[in-house]
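*Asks:* Just to be clear, the model below is a prediction. Sequence and coordinates:
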Amino acid sequence: MSSELAMSLLSALEFLLSAALAFVFWKKGLQRRFPSMSAYLALRVASTPVLSLLLMGHLLSSQQMQRNCEFTYFLLFWAVYILSAALLFFVCMEVFRSALSSLPGLMKFGLVIFRWAAVVSLIVTFSSISYTRRGLLSIPDIASGLMRSVSLLELCLLAFLCLSMNALRLSVRDMAFGIALGFGLMSANDFVVVSLLNSNSTLTAPLQFVYQSFVLGALGTWIAYAALPELARRPVVMPVNSTIYRWNEIASALGHPGTQIAVQQSNGFFLTDVEKVVEKVLNRSLKGRESEL
């Protein structure tokens, strides 16, 4: 079997696994819990055959049609890439929100940090681009920078869930952890394999098969999590003096104004008022004695 045929079979298997995952995902009703993940799967399933048809049209058409197919493929591929990066950011927010649903204070505080991380990522991405290529040629650099930022966020999210699973009462079989695990595999795959690939590497290079294998592994992980029955989430029971409970209370209080109390200034000192009351009592007692006499 040639390397071109093997890569074509792996690409076809990736599309079939993506379609199967989308079917199971929507059949189990998980799109209500993870709408951004559902949109990401729909984009992945819809864009793959269109891009494949454009690639086949480039190989089989005339020279003029090949140029048109190349331009269309270039725009569509990077548009899908940028849109995927944006959806992955919202997927991370959904996973974080689902994992910390029992701690609303920490969840709201963490979502604020997510939004600031997105702003910082945009600033770093656009400031780190060399802009040596002008016009449409700068789109790949922008898209790659955005995807790297999202990949770092995915790895940080997976590390956070692994370190805080016991405190959050999060099961390994929870769909939120499964989504984070799959994206963690993809992100590690992007950082390790892509860094080892040369700029002149072909689509049939050995490392390309390693890259494709990790993508298939992530899709298989998601299918297993979506197909298996999910365990019921255990309630988070913690003592009042626990650290995570105090953090949740502090995070809940942040951003909320304190209770306003109207303080009225007194006309006199407290002891002066006491002296007046004592004088009134003494006067009454003296008057009572005089009347007896």
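*Replies:* Structure's in. What do you need? Numbers count the residues shown, from 1 in each chain.

*Asks:* Go through the host helix or strand of residue 79 and flag the buried ones.
*Replies:* Residue 79 belongs to helix 63-99 when assigned by DSSP states H and E. Across helix 63-99, burial judged by 16 or more other C-beta atoms under 10 Å covers 69, 73, 77-78, 80-82, 84-85, 87-99. To be clear about C-beta, it is placed using only N, CA and C from the backbone, and glycine gets the same treatment.

*Asks:* Tell me how far that helix lies from the chain's centre.
*Replies:* Helix 63-99 sits 17 Å away from the centroid of its parent chain (C-alpha atoms, centre = their mean, to the nearest Å).

*Asks:* I'd like the average pLDDT over that helix.
*Replies:* On average, the pLDDT along helix 63-99 is 86.

*Asks:* Packing partners of that helix?
*Replies:* helix 35-60, helix 104-128, helix 139-163, helix 175-196 (3 or more C-beta pairs under 8 Å, 6 or more residues apart in numbering; DSSP states H and E).

*Asks:* Helix 35-60 and that helix, what's the angle between them?
*Replies:* 160 degrees (axes from the mean of the first three to the mean of the last three C-alpha atoms, to 10 degrees).

*Asks:* Contacts only, for the residue positioned nearest the centre of the chain.
*Replies:* Nearest to the geometric centre of the chain sits residue 92, at 1.4 Å (C-alpha atoms, centre = their mean). By C-beta atoms under 8 Å, 6 or more residues apart in numbering, the contact set of residue 92 is 114, 150, 153, 154, 157, 180, 183.

*Asks:* Now do the helix or strand harbouring residue 23: everything it contacts.
*Replies:* Using DSSP H and E, the element containing residue 23 is helix 3-27. With contacts defined as C-beta under 8 Å, 6+ apart, helix 3-27 is touched by 31, 37-38, 41-42, 44-45, 48-49, 52, 203-204, 208-209, 212-213, 215-216, 219-220, 222-223, 226-227.

*Asks:* What residue spans form the domains of the chain?
*Replies:* 3-252, 261-292 (automatic domain parsing).

*Asks:* Just name the most buried of those domains.
*Replies:* Per residue and on average, the most neighbours among the domains of the chain fall to domain 3-252, with a mean of 16 (mean count of other C-beta atoms under 10 Å).

*Asks:* picking up where we left off before, check the gap between the residue nearest to the centre of the chain and residue 211 for me.
*Replies:* Going from residue 92 to residue 211 by C-beta to C-beta, to the nearest Å gives 22 Å.

*Asks:* do the same with residue 248
*Replies:* From residue 248 to residue 211 the distance is 40 Å (C-beta to C-beta).

*Asks:* Residue 168 now?
*Replies:* 32 Å.

*Asks:* Can you list the low-confidence ranges for this protein?
*Replies:* Counting by pLDDT under 70, the chain shows low-confidence ranges at 1-2, 57-66, 131, 197-205, 231-245, 247, 251, 254-293.

*Asks:* In space, what's closest to residue 168 - neighbours in sequence excluded?
*Replies:* Of all residues not flanking residue 168 in the chain, residue 99 sits nearest, at 5.9 Å (C-beta to C-beta, 6 or more residues apart in numbering).

*Asks:* can you check residue 107 too?
*Replies:* Residue 107's closest residue in space is residue 100 (C-beta to C-beta, 6+ apart), at 4.0 Å.

*Asks:* repeat for residue 98
*Replies:* Per C-beta to C-beta, 6+ apart, closest to residue 98 is residue 176, 4.2 Å.

*Asks:* How about residue 223?
*Replies:* Residue 223's closest residue in space is residue 21 (C-beta to C-beta, 6+ apart), at 5.1 Å.

*Asks:* same thing with residue 28?
*Replies:* For residue 28, the spatially nearest residue (C-beta to C-beta, 6+ apart) is residue 226, at 5.9 Å.

*Asks:* And the one helix or strand that neighbour maps to, what does it pack against?
*Replies:* Assigned by DSSP H and E, residue 226 belongs to helix 206-227. Using 3+ C-beta pairs under 8 Å, 6+ apart, the elements in contact with helix 206-227 are helix 3-27, helix 175-196.

*Asks:* now those helices as CSV including distance to residue 145?
*Replies:* Shown next, in CSV, are those (distance: least, C-beta to C-beta, whole Å):
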stretch, distance to residue 145
helix 3-27, 25
helix 175-196, 13
